[in-house]
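I'd like to go over a predicted model; first the sequence, then the structure.
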Amino acid sequence: MICAVSSPHDDLDARVRAALGEVDDSGEPDDELSALFDAMAGSRHVDIEARRMRERGQGFYTIGSAGHESNAFVAAALQPTDPALLHYRSGAFYLARSAQAGRKLEDGLRDILLGMMGAVADPASGGRHKVFGNPDLAVMPQTSTIASHLPRAVGVAFAIGRAGRIHVPTRWPDDALAVVSFGDASLNHSTAVGALNTAGYCVRQKLSLPLLLVCEDNGLGISVPTPQGWVAEAAQRPGIRYLTADGDDPDSVREAAAEAVSYVRDKRRPALLHLRTVRYMGHAGSDVESGYRPPPAITADFARDPLVALARRIGSAATVARYDEIGQLVRSLSDELIGARTLATARAVVEPLAPRSVPAIEAEVTRFADDATRRVAFSGRMPEQSGQLTLAQAINAALTDALAARPQTLVFGEDVGNKGGVYGITRGLQQRFRANRVFDTLLDEQAILGLGLGFGVSGLLPIPEIQYLAYLHNAEDQIRGEGASLRFFSNGTFTNPMVVRIAGLAYQKGFGGHFHNDNGLAVLRDIPGLVVAVPSRPEDAGPMLRTCLAAAVTDGQVSIYLEPIALYHERDLLEPGDRGWLGAYSLNRHIPIGSARTHGNGKHLTVLTFGNGVRMSMRASALLADEGIGMRVVDLRWLMPLPVDDMVREANATGRVLVVDETRHSGGVGEGIVTALVERGFGGRIIRVASRDSYVPLGDAANTVLLSEDDIERAVRRLLS
């Protein structure tokens, strides 16, 4: 009989010990099963200790793996070099993977406990979050595991399959497969649906995709039950092999895991293993499970304990002693680690976010292919010898140079291949570099960005295209929650270098509407560590793109390269035929991240602007110069980080600042510009003009809400009055 206890973790521990005490010596020795028992028991004791640590104020994380420990069988079927993206109930998998790599049980246990304590020595995040991660074990940290890591997992598998075709090695062995785990509730998320669809789509396209998806189905999404049979039905997708096993049937799990891994590795096609599990102690320490589940249902789950089931399969009365021994080891490690150093300064916390290795970037930015290779890539028409180019032509030339210089570079997105992009920016690239390196994707921005993230973390250099800025918003979390955060939450041990090209902003002539004219940039400027580049002039476009690519190579930087659509094919500045908006293609210029460019040296006022605002302001400047008004127009070029030093210098040169912001008045870039000036002590007069807080309508109605040249001229007169 089990005595009444005061907490779910003590209750669970007592029940397990009682059940293990009834195991007899009926089995035969099996070293693999014994090793898996250690991993599973270790994970169970860590979960129990996490609750006790929280009670003592020594731990900060209580989402556990109790009831899911059969995922250790999945780890056992894999190689320790297979990249793994694990959700937060994969503790036994992590410990089994650690043992596979030749480490002691206590090493893996210490890793997990350090993460729960937020300790600097945590190998996953350096004290920034509790995640499963370790570069030595090919386990990359996943912080938001409600399916948001699945598109990246597809990208990792795609990278493994694509590397051989482009003759470029990745971070993983050639015969590796990617494994990703997630819960049954996560299966319902649109991100999971999209990832599964992408995987099946790749199979239909006869593309190699060695991906094992593991759905750990405990029947609950916090308090919401998953309908009976739903996962078995929803998980079966075209092109993806479906296998299933009960977590409390060790032989079934071992067989299913081995079969799934063998299929994926040999066929280079995806499979989904549906692992039916239970969940003990609620969702997390703050979750009172009895508030939404009847006691009989909670009690019934104890009959499905995978740890007890494995002990019975092993058939050794010594399992209870081993369970107790591991429990003592966990408690001893916990006591030993109390007081471990944690992050104590803001500088230490943000250190991995966006390191800027300026000398290395300067060296990398001038990397070009040899002359013969370049001449073939450009069909003999060298851009630096082609006179003045449009913005579109300059970007196309820079992409050509990037593909020619670095064989690991991939350009992909909707319509970028044979068509050459909606605006012709990628025209000719697929013909020059073949479809292995320049290719069309399915119409799913989450999938496009997820592919990029998987490519980058695997050692490739992705340049995905999002066709319009408005199309980014449904997939933005792939940048915020996955791309920009990976370096932070892995303490710099994993990066996903990537330059995302986006056609954006407004003022297109004859092609209107919100979805093709979007000036909403606040969502990007809110992402820590992200670089946002906005080239407005053709002569700046190539150097800025090369800087973003160099930062990706040297620092694993994620950058947004936002291209003003309305300026793509613009040739003139002031008068038709003046060719004032063309520029030369330079091989020698380097434009550092966070550096502005000033047009003019007027003494009356300084205009701080970017994108379309640069052209409008320069036109206004020429008009007002006839009235004796001298302006200097500062093209910020970088919106993250802002070129604050240059802004302040140019503002102080005149004492008057006009902020010309084509984005929205609320949440627009101008708010950050004004704030930066004030914080740096600028005491002169500041006026800001911006577009209205509105979506962009069709046709001429757009002119009623977008910033205009007349608005700029009126603001200049008001500033000088």
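Arrived safely.

residue ranges for the strands of the stretch 1-150 of the chain, please.
Counting by DSSP state E, counting those that start in this stretch, the stretch 1-150 of the chain has strands at residues 84-85.

Pass me the low-pLDDT residue ranges in it, would you?
1-6, 144-145 (pLDDT under 70).

Which residue ranges of it form helices?
8-21, 31-55, 72-77, 91-100, 105-117, 150-166 (DSSP state H, counting those that start in this stretch).

So for residue 671, which of those helices sits nearest?
Of all the helices of the stretch 1-150 of the chain, helix 150-166 sits nearest to residue 671, with 31.6 Å by C-beta to C-beta. C-betas here are computed from N, CA, C, even on glycine.

Show me what counts as buried in that closest one.
For helix 150-166, the neighbour count (16 or more other C-beta atoms under 10 Å) marks 150-163 as buried.

And that helix, what does it pack against?
strand 84-85, strand 178-183, helix 190-204, strand 211-217, helix 445-457 (3 or more C-beta pairs under 8 Å, 6 or more residues apart in numbering; DSSP states H and E).

The helix or strand hosting residue 502 - which strands sit beside it in the sheet, and in what orientation?
Element membership of residue 502, judged by DSSP states H and E, is strand 498-504. If you go by DSSP bridges, strand 498-504 pairs up with strand 461-466 (parallel), strand 558-564 (parallel).

can you redo these as CSV with distance to residue 202 and mean neighbour count?
Shown next, in CSV, are the strands paired with strand 498-504 (distance: least, C-beta to C-beta, whole Å; neighbours: other C-beta atoms under 10 Å):
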stretch, distance to residue 202, mean neighbour count
strand 461-466, 16, 25
strand 558-564, 24, 26
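
Going by distance to residue 522, which of the buried residues of helix 150-166 wins?
Closest to residue 522, out of all of the buried residues of helix 150-166 and judged by C-beta to C-beta, is residue 151, at 23.4 Å.

quick one, strands of the stretch 401-550 of the chain?
Under DSSP E, counting those that start in this stretch, the stretch 401-550 of the chain gives strands at 409-413, 438-440, 461-466, 498-504, 531-533.

The third one relative to strand 409-413, how many degrees between them?
Calculated by axes from the mean of the first three to the mean of the last three C-alpha atoms, to 10 degrees, strand 461-466 forms an angle of 20 degrees with strand 409-413.

now strand 461-466: mean pLDDT?
In this model, strand 461-466 carries a mean pLDDT of 98.

end to end, how far does stretch 369-383 reach?
Counting by C-alpha to C-alpha, to the nearest Å, you get 14 Å between the two ends of stretch 369-383.

Stretch 680-691 now?
26 Å.

Test my guess that residue 587 contacts residue 369.
No. The pair residue 587 / residue 369 is not scored as a contact, 11.4 Å apart, by C-beta atoms under 8 Å.

Can you say which of the strands paired with strand 498-504 is nearest to residue 333?
strand 558-564 (35.8 Å).

Residue 388 is in contact with residue 582, correct?
Yes. Assessed by C-beta under 8 Å, residue 582 is found in contact with residue 388 at 3.5 Å.

quick one: which of these two has more around it?
Between residue 582 and residue 388, residue 582 has the larger neighbour count (other C-beta atoms under 10 Å), namely 20 against 16.

what pLDDT does the more buried one get?
Reported pLDDT for residue 582: 98.

what mean pLDDT does the helix or strand harbouring residue 265 have?
In the assignment (DSSP H and E), residue 265 maps to helix 250-267. Averaged across helix 250-267, pLDDT comes to 98.

got the angle between it and strand 211-217?
Using the same axes, to 10 degrees, helix 250-267 lies at 160 degrees relative to strand 211-217.

Neighbour count for residue 587 and residue 369, which is higher?
residue 369 (18 against 14).

Assumed that one was part of a strand.
No. Judged by DSSP: H, G, I helix; E, B strand; the rest coil, residue 369 forms no part of a strand; its state is coil.

Was I right to think it contacts residue 405?
Yes. If you go by C-beta under 8 Å, residue 369 and residue 405 touch, sitting 4.7 Å apart.

Just name the closest of the buried residues of helix 150-166 to residue 445, please.
residue 151 (9.8 Å).

where does the residue nearest in space to the middle of the chain land on pLDDT?
The residue lying closest to the centre of the chain (C-alpha atoms, centre = their mean) is residue 483, at 2.0 Å. According to the prediction, residue 483 has pLDDT 94.

let's number from 28 now, not from 1
Taking 28 as the first residue, the last one we looked at is residue 510.

Leaving out chain neighbours, which residue sits closest to it?
Here the nearest residue to residue 510 in space, its sequence neighbours aside, is residue 585; by C-beta to C-beta, 6 or more residues apart in numbering that works out to 4.7 Å.

contacting residues around the one you found?
Residue 585 makes contact with 483, 506, 510, 511, 523, 524, 525, 527, 556, 557, 558, 579, according to C-beta atoms under 8 Å, 6 or more residues apart in numbering.

Out of these, flag the one nearest to residue 111.
Nearest to residue 111 among the contacts of residue 585, with distances taken as C-beta to C-beta, is residue 523, at 15.8 Å.

what about the residue nearest to the closest one when sequence neighbours are not counted, neighbour count?
Residue nearest to residue 523 in three dimensions, not counting chain neighbours: residue 483, with 3.5 Å by C-beta to C-beta, 6+ apart. Summarising burial for residue 483: neighbours were counted as other C-beta under 10 Å, giving 30.

just for the stretch 378-527 of the chain, where's the confidence low?
For the stretch 378-527 of the chain, no range has pLDDT under 70.

Would you map the helices across it?
Under DSSP H, counting those that start in this stretch, the stretch 378-527 of the chain gives helices at 385-391, 398-404, 418-432, 456-460, 472-484, 496-499, 504, 511-516.

Let me see the contact set for the closest residue to residue 153 other than its chain neighbours.
In space, and not counting its chain neighbours, residue 153 is closest to residue 518: 3.2 Å by C-beta to C-beta, 6+ apart. Going by C-beta under 8 Å, 6+ apart, residue 518 touches 149, 151, 152, 153, 155, 379.

any idea which helix or strand carries residue 309?
Applying DSSP H and E, one finds residue 309 in no helix or strand.

For the top strand by length along the chain, what does the pLDDT average out to?
In the chain, assigned by DSSP state E, the strand with the most residues is strand 683-691. Strand 683-691 carries an average pLDDT of 97.
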